[in-house]
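Undergrad: Have a look; sequence and predicted model below, questions after that.
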Amino acid sequence: MDIVLVTTVIAFLFLVIGIAEPLAARLRLPYTVMLAVLGILIAVGAIFFLRTELTDALNPVAEAILGLPIRSNVFLYVFLPTLLFQATLGMNLRRMLDDWVPILVLAVVAVVVATFSVGYALSWASALPLAACLLIGAIVSTTDPSAVVTIFRSISAPRRLARIIEGESLLNDAAAIALFGLFMSFVMLGLPDPNLGEALARFPLLIAGGAFTGWLAARVAVWVMALFNSHELAQISISVALPYLAYIGAEQSIGASGVIAVVAAGLTLNLTGPGRLPPQAWANLRELWEVLAHWAGALIFILAALLIPRLLEEVRVGDFALVGVVILAAIAARAVVLFGLLPLLTVLRVSPAVERPYRVAILWGGLRGAVTLALALAVTESFRVPNDIQRVVGILATGFTLFTLIVQGTTLRWVIGRLGLDQLSPLDEALSRQVVAVALQTVREDVARTTENYDLSHDIVRSEAKAYGERLDAAVKSAEESEDILDRDRVTLGLIALAGHERDTILARVRERTISARMAEQVLSDADRLIEGARTGGRSGYQRAARRSVTYGRMFRAAGLLHSRLRVSGLLARMTADRFELLLSQRLVLRDLGTFIDGRIRRIHGRRLADLLHELLSRRIEAVETALEGLRLQYPGYAEELERRFIRRTALRLEEREYAAMREDGLIGAEVHTKLIEDLDARRAATEERPRLDIALQRIELVRQFPLFAGLDDRDLKRLGRVLQTRYANAGESIIRKDSPARSVFFIGSGAVELETAGQTWRLGRGEMFGQLAILMKKARRAEVRAIAPSTLLVLDETRFRRLLKRSTALQDAVRASAEKRGIEPQGVLPAKDDHSKG
C-alpha cells in the first residue's frame with residue numbers, strides 16, 4: 001500500500017478526531033457515540049464508493065480505508081495499555097482506596113454476573129455450546145462509563161459516585177478480558193461444557209501474576225527514572241515503555257493477565273512517582289499521557305467502528321432474536337447488581353447510598369464500545385475457532401454494541417432529564433449564588449485596581465462601578481436572603497466554600513513547592529474529603545473528615561505492629577516522617593484560611609456564620625497542633641529539621657522568582673538565567689531529600705524524657721526502650737475495658753486519655769501512666785480508659801513492670817501518688833518507703 005496514501009488516511013482520522021468533540025457537544029451526544037457514528041459512516045462510505053459505478057476516482061482512498069491493518073492485537077497490545085495506564089495515572093488513589101470495597105465487588109461481581117447471565121440465556125435460546133455462550137457473555141460484560149461519568153460531572157452528581165463508576169470500569173475491563181481468555185481457550189480446545197470450577201480457580205492466578213508483574217516492572221522503571229532526574233525527556237520516554245513491557249511480559253512470559261499488569265504498573269507509578277521525580281517532570285509526564293490516551297481512545301472507537309460493516313456481512317434474520325436475548329440478559333444482570341447488590345453494600349456501610357435515579361442512569365449508561373468489538377474481532381480472526389461460532393460471536397457482539405451506542409447513547413441525556421438529575425438541588429442553587437457573589441466581589445476589587453493603575457477617566461469609572469456595584473449588591477442579597485435554604489444549609493454552604501478555598505490554597509502551595517509533591521496528593525485528598533463531608537453530612541460530615549485527617553490510619557497501626565513485634569522499622573519510619581510532613585503542611589494551609597473567612601464569608605453570610613467557621617477552624621488548628629506536638633515530643637529535633645527544609649524551599653522559590661523578574665526586565669541574558677536556574681535546581685534537588693528518621697534512636701530519647709524513668713542509667717534506658725511496645729490510639733478509642741484482665745501498664749508518650757471508675761473521671765496526659773494499680777492489687781480492671789486525643793502509648797508487660805518498679809524510686813513514688821489520688825491506701829499497693837527500702 002502506498003505510504004503517502006496511508007499517511008493521508010491516518011491524518012484524515014486525526015482530523016475526524018478533532019471535529020468529533022465540538023460536533024458531539026453541539027448535538028448533545030456522548031463523545032464516544034459521535035466517534036462510533038463517524039467511524040461507521042466512513043466505513044459505509046468507503047464500501048459505497050468501492051462498489052458504485054458512479055466514479056472510480058475515490059477507489060484508492062476507499063481501498064486504503066478498508067485495507068487498514070486493523071487486527072485485534074492492535075487494539076489489545078497498542079491502544080488498550082495506553083488507555084488503562086493513563087486512567088490509573090489520573091486517579092486519586094487515596095480517594096479510590098476509601099471505596100475499594102464497592103469498586104472491587106461491583107467490578108468483579110458485575111462481570112461474573114453478566115457473563116453467566118448472558119451465557120446461560122444464550123445457551124437456553126440457541127444451539128450454541130455453553131463454552132461459546134459464556135465466551136460471548138465475557139465479551140459483552142465490559143462497560144465504557146465515559147459517557148455517564150461526563151454527564152454526571154456536568155450535573156454536579158456526587159463525586160464519590162463518579163469515582164466508584166470509574167474505578168469499577170477500570171477493573172471490570174481487566175476481569176472481562178481475563179474471563180475472555182479462559183473461555184476462549186475452552187472454545188479453541190473444543191470443550192462444549194467446560195469445568196467452571198476449574199475455570200474460576202485459575203482466575204485468581206491470572207490476577208495475582210499480572211499484579212506482581214506490573215508492580216515489579218513499575219518499581220524497576222521508577223528506580224531507573226530516579227537516576228535521570230536531570231533528564232526529563234528520558235524519564236517520560238521510560239514511562240511510555242512501561243505499560244507495554246508490563247503487558248507483554250505478563251501475557252507472553254508467565255501467562256498472566258496483561259491488563260492487570262498494566263493497571264498494577266500504573267497504580268505503582270502513581271503512588272511512588274510524585275515522591276521520586278521532580279514536580280515539573282511528573283506534571284509533564286501526566287499531561288503527555290492525557291494526550292496519548294485521548295488519541296488512543298478516539299482511534300480505538302473509530303477503527304472499531306470501521307469493522308462493524310465487515311462483522312455484519314453475514315447477518316441472518318434469526319440473529320436479531322439472539323441479539324435481543326443478549327440485550328435483555330445484559331441489562332437484567334446490570335440491574336441485579338445496581339438494585340440488589342449495591343443497596344446491600346450500603347446497608348453493610350461499605351458503599352455510599354446511591355439514590356434510585358442515579359442507579360437508573362448508570363443502568364442505561366452502561367455503553368459497550370471498542371473493547372467489546374476488539375474481543376469479538378479476536379474470535380473472528382482465530383482459525384482454531386469453528387466458523388459458525390466466529391460468525392455468531394461477531395454478529396451478537398456488534399449488534400449489542402450498536403444497540404448500546406445508538407439507542408442508549410443517544411437517549412442517555414434525555415433519560416437523565418426525565419429523572420430530574422439535570423436540575424440543581426436547592427443547596428446547589430444556593431451554592432451557585434454564593435459563587436457568583438464571591439466572584440463579582442473579587443472582580444470589582446481587581447477592576448478598581450486596574451482603573452487606578454491606568455489612570456482612566458473618573459466619570460467612566462464611576463458609571464461602570466455603579467452598574468457593577470448594583471449587580472454585586474443584588475448577588476450578595478440573593479446569597480443572603482434565599483428563602484428556601486435553612487440555617488443548617490447555610491452552614492453547609494460556608495463549609496463547602498471554606499473547604500474549596502483550602503483546596504485552592506493547597507494547589508497554590510504545591511505550585512510554589514512549599515508543599516512537596518510527595519505530600520500533595522494526600523493533602524488534596526483530605527481537602528476533597530472535607531468538601532464531600534460538608535456536602536453530604538453538613539457540619540458533622542465536615543468535622544468527621546477533619547478528625548480523620550489527623551488520626552492514625554490502619555496502615556500506620558500496622559506499621560507500628562510490624563515494628564513492635566518483628567523489629568521491622570522501615571515502614572514505620574517512612575509513615576511517621578510522612579505524618580510529620582503532612583501535619584506541617586496542614587498547619588501551613590489552615591493558618592491562611594482565617595483571612596478568607598473574614599474577607600469573603602463574613603461579607604456574604606454575615607458575622608454569625610463567620611464566627612462559627614472561625615470556631616471550627618480553631619478546633620482544627622488545635623487538633624493539628626496537638627498531633628504535631630505529640631510527634632515533637634516523641635521524636636525531638638525531627639520537626640525542626642522539616643521546618644528548616646520548608647524555609648530553604650521557600651527561599652529557593654523566592655530566589656527563582658527574582659531571577660525570572662530580572663530576565664523579564666532585561667537585566668540578565670538568557671545564558672546567565674539558564675546557568676542560575678541550573679544551579680538553583682541542583683540546590684532544590686538537595687532540599688527535596690527528606691531527613692532520615694531513626695526510630696530506634698528516637699525511642700531512647702523519648703524514654704529518657706519520662707520523669708518516671710529518672711534515676712535509670714543509660715544501659716537500663718536502652719534496654720527499656722527495646723522492650724517497650726508502641727500503641728497508637730485515636731480520639732474516642734477505648735484502650736482499657738472494665739473487667740478485662742490486667743496484663744500491661746501504659747505510659748503516655750503523647751496525647752491524653754480519660755479514666756473513668758466508680759462514677760469519677762480523671763484525665764491523664766503526657767508522662768503519666770495507667771493500668772498499674774490493677775496489676776499490683778492483683779484484681780481485674782475496674783476502670784474504663786479511652787483516648788481523648790490522638791495518643792502514642794508505650795506498653796510494658798506485667799513481669800517487666802514489676803522488675804522495673806523494684807529499681808526505680810521515681811516509679812514507686814508515682815504509683816503511690818496515683819493510689820492516693822483515687823482514694824486507695826498506698827500501703828495496699830506498695831509497702832511504705834522505709835519498709836520497701838529495707839526489703
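TA: Noted; the coordinates are in hand.

Undergrad: Walking through the stretch 151-300 of the chain, point out its strands one by one.
TA: For the stretch 151-300 of the chain, applying DSSP state E, counting those that start in this stretch gives no strands.

Undergrad: how about the helices in it?
TA: 159-189, 196-227, 232-248, 258-276, 279-311 (DSSP state H, counting those that start in this stretch).

Undergrad: Out of these, which gets nearest to residue 101?
TA: The closest of those to residue 101 is helix 159-189. By Cβ to Cβ, the value is 10.1 Å. (Each C-beta comes from the backbone N, C-alpha and C, glycine too.)

Undergrad: Any buried residues in that closest one, and which?
TA: The neighbour-count check on helix 159-189 (16 or more other Cβ atoms under 10 Å) flags 159-188 as buried.

Undergrad: now the helix or strand hosting residue 414: how far from the chain's centre is it?
TA: According to DSSP states H and E, residue 414 maps onto helix 409-418. The chain centre lies 29 Å from the centre of helix 409-418; the measure is Cα atoms, centre = their mean, to the nearest Å.

Undergrad: before we move on, what about stretch 70-78?
TA: On Cα atoms, centre = their mean, the centre of stretch 70-78 falls 29 Å from the chain's centre.

Undergrad: try stretch 288-298
TA: The answer for stretch 288-298 is 20 Å, by Cα atoms, centre = their mean.

Undergrad: Can you pull the phi and psi angles for residue 761?
TA: Per-residue torsions, residue 761: phi -130, psi 130 (degrees, to the nearest 10).

Undergrad: That one contacts residue 755, correct?
TA: Yes: using Cβ atoms under 8 Å, residue 761 makes contact with residue 755 at a distance of 7.0 Å.

Undergrad: okay, these two: which has more neighbours?
TA: residue 755 (20 against 10; other Cβ atoms under 10 Å).

Undergrad: and the more buried one, which of the three is it?
TA: In three-state terms, and counting by DSSP: H, G, I helix; E, B strand; the rest coil, residue 755 is strand.

Undergrad: again, but for residue 673
TA: Three-state assignment for residue 673 (three-state DSSP): helix.

Undergrad: Can you tell me the closest non-neighbouring residue to it?
TA: Closest residue to residue 673 apart from its sequence neighbours, by Cβ to Cβ, 6 or more residues apart in numbering: residue 663 at 4.5 Å.

Undergrad: And the host helix or strand of the one you found, what does it pack against?
TA: Element membership for residue 663, per DSSP H and E: helix 638-664. For helix 638-664, the elements it packs on are helix 570-590, helix 607-634, helix 670-688, judged by 3 or more Cβ pairs under 8 Å, 6 or more residues apart in numbering; DSSP states H and E.

Undergrad: Let me know which of the ones you listed is tucked in deepest.
TA: helix 570-590 (a mean of 20; mean count of other Cβ atoms under 10 Å).

Undergrad: helix or strand right after that one?
TA: Taking DSSP H and E, what comes next after helix 570-590 is helix 593-596.

Undergrad: can you list contacts of that following helix?
TA: Contacts of helix 593-596 with the rest of the structure, by Cβ atoms under 8 Å, 6 or more residues apart in numbering, involve 498, 501, 502, 505, 614, 617.

Undergrad: how about 6 Å then?
TA: 501, 617 (Cβ atoms under 6 Å, 6 or more residues apart in numbering).

Undergrad: With stretch 669-684 instead?
TA: Counting by Cβ under 6 Å, 6+ apart, residues outside stretch 669-684 touching it are 652, 656, 659, 663.

Undergrad: can you do 7 Å?
TA: Contact partners of stretch 669-684, identified using Cβ atoms under 7 Å, 6 or more residues apart in numbering, comprise 652, 655, 656, 659, 663.

Undergrad: Show me which pair in the residues you listed is furthest apart.
TA: 652 and 663 (16.5 Å).

Undergrad: What about residue 334, how many residues nearby?
TA: The number of residues near residue 334, taken as other Cβ under 10 Å, comes to 21.
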